[in-house]
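Participant: generate coordinates for the sequence data below:
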Amino acid sequence: MTLYRIAQRPELESPTAVVAFDGWVDAGSAATTAGSLLGEGGEVVATFDNDLLFDYRSRRPVLEIVDGRPSELTWPEIALRRRRLGRRDLLVLTGHEPDYRWRALAEDVVALAKELGVVEWISLGAIPAAVPHTRAVPVLGTESRTGLLRGDVTPGPVGLLRVPAALVSVLDMAVAATGIPALGYFAQIPHYVTGPYPTAALALLEAVGAHLDGELELAPLRVESRELRARLDAAAAADENTRSYVARLEAMADEERLPAGDDLISDIERFLRERGAPGGEGTLLN
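Facilitator: Residues are numbered from 1 along each chain as shown. Sure, this is the predicted structure:
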């Protein structure tokens, strides 16, 4: 018995799969924001058995109450949507990272990818790093074989990076083991910022668009990014220590140094410790 159900079987021509889940590798909600926008308006191709994948006590459905009357429940889910990008077929797999059955899910996703004729697999993610909000968002890449990444994205980080695995990486490796080319684009977001970071989502979508030679509608996200930049600039200017720290990060960014694995590990460990800390949208951590 599989964990997925085919909703419909559209005519697909050499589709590319793009995958994003929430979780620790979705810092600033950048990957899921990018994935949701990429799949927006797409037809649902497959759904998954949520009751077998989620612990509803730790990932509770959202209840809407209107004028004192419970009106709607929104359950955590994973769905595969089909969208056209120019002449390309895209299959966008997004949703909440499940609590259970990662190995079984990986096997089923591989079977589904084969059934639908997926020819390329692109993972999206975002990780905290010592980068300033005043510079372009750096994007690191992963690839199952040399030459898959495009544009200015290079494989990284330098050296060994050993971190808790995310589902997106489990699926990436399972798919790559079958011979399907698999690569990933991972935005680095300033580790001192809490809340959604649309600037990183924009960078991921630009990387995907460049990779697929397709035009994406990014104007609303660009507006959100500019507004957040103004708020962060104002917050940094109001605190001398923060202003000095951002200046040091700017100097490092201007040297165009790729991060070493040990440096990223420190940033990621700090991010995981602080993940449960309260913070407003686009705020600075002191």
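
Participant: when you work out contacts or count neighbours from here on, use the C-alpha atoms and nothing else.
Facilitator: Fine.

Participant: now do the buried residues in stretch 6-16.
Facilitator: The neighbour-count criterion (16 or more other Cα atoms under 10 Å) identifies 12, 15-16 as the buried residues of stretch 6-16.

Participant: and the strands in the stretch 151-286 of the chain?
Facilitator: With DSSP state E, counting those that start in this stretch, the ranges of strands along the stretch 151-286 of the chain come out as 182-190, 193-194, 283-284.

Participant: tell me which of those sits most buried.
Facilitator: Taking mean count of other Cα atoms under 10 Å as the contact definition, the stretch among those with the greatest mean neighbour count is strand 182-190, which reaches a mean of 26.

Participant: partners of it in the sheet?
Facilitator: When sheet partners are counted by DSSP bridges, strand 182-190 sits next to strand 120-129 (parallel), strand 139-143 (antiparallel).

Participant: format the ones you listed as JSON lines; extra columns: mean neighbour count and mean pLDDT.
Facilitator: Shown next, in JSON lines, are the strands paired with strand 182-190 (neighbours: other Cα atoms under 10 Å; pLDDT from 0 to 100):
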{"stretch": "strand 120-129", "mean neighbour count": "25", "mean pLDDT": "96"}
{"stretch": "strand 139-143", "mean neighbour count": "22", "mean pLDDT": "94"}
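
Participant: just to revisit the earlier point, lowest mean pLDDT across the strands of the stretch 151-286 of the chain, which one is that?
Facilitator: Here the strands of the stretch 151-286 of the chain differ in mean pLDDT, and the lowest is strand 283-284 at a mean of 58.

Participant: spatially central residue for this structure, please.
Facilitator: residue 31 (1.9 Å; Cα atoms, centre = their mean).

Participant: enumerate every residue touching that residue.
Facilitator: When contacts are counted by Cα atoms under 8 Å, 6 or more residues apart in numbering, residue 31 is found next to 20-22, 124-126, 201, 204.

Participant: what do you get for residue 184?
Facilitator: Counting by Cα under 8 Å, 6+ apart, the residues that residue 184 touches are 122-125, 141-143.

Participant: rerun at 6 Å
Facilitator: For residue 184, the contacting residues are 122-124, 141-142, by Cα atoms under 6 Å, 6 or more residues apart in numbering.

Participant: and the helices in this structure?
Facilitator: Remark: helices assigned in the chain by DSSP state H are 30-39, 50-53, 102-115, 167-176, 198-212, 219-237, 240-254, 261-274.

Participant: residue 131: which of those helices is closest?
Facilitator: Distances from residue 131 to each of the helices of the chain were compared by Cα to Cα, and the smallest falls on helix 240-254, at 5.8 Å.
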